[in-house]
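**Q** When you get a sec, could you give me coordinates for this:
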Amino acid sequence: MRRAPTDYPTRARVYRASAAKAWAAGDESTARQCEEFARRCDERAISLALR
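**A** Sure thing, here's the model as predicted:
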């Protein structure tokens, strides 16, 4: 199933799950990057909700 480009909450959940896996594997760089992408998705979702 393809997600709509604006399905930011779902995208954020996927990034957070990836971050958790990266932390567990000891890959700090990837984990931080995934967390940043999740944060951006959250911000975008809020921005769209306030329109």
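**Q** quick one: the helices in the protein?
**A** For the chain, helices defined by DSSP state H occupy the ranges 8-25, 28-49.
**Q** Let me have those helices in CSV, extended by mean pLDDT and mean neighbour count.
**A** Every residue, glycine included, has its C-beta placed from N, CA and C. Below are these laid out as CSV (pLDDT from 0 to 100; neighbours: other Cβ atoms under 10 Å):
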stretch, mean pLDDT, mean neighbour count
helix 8-25, 97, 16
helix 28-49, 96, 14
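**Q** Quickly note the distance from the spatially closest residue to residue 32 that is not a sequence neighbour to residue 51.
**A** Of all residues beyond its chain neighbours, the one nearest residue 32 is residue 19 (7.8 Å), with distances taken as Cβ to Cβ, 6 or more residues apart in numbering. Note on residue 19: its distance to residue 51, by Cβ to Cβ, to the nearest Å, is 28 Å.
**Q** Likewise for residue 27?
**A** 36 Å.
**Q** Which of those two has more residues huddled nearby?
**A** In terms of neighbours (other Cβ atoms under 10 Å), residue 27 is the more surrounded of residue 27 and residue 51; the figures are 14 against 4.
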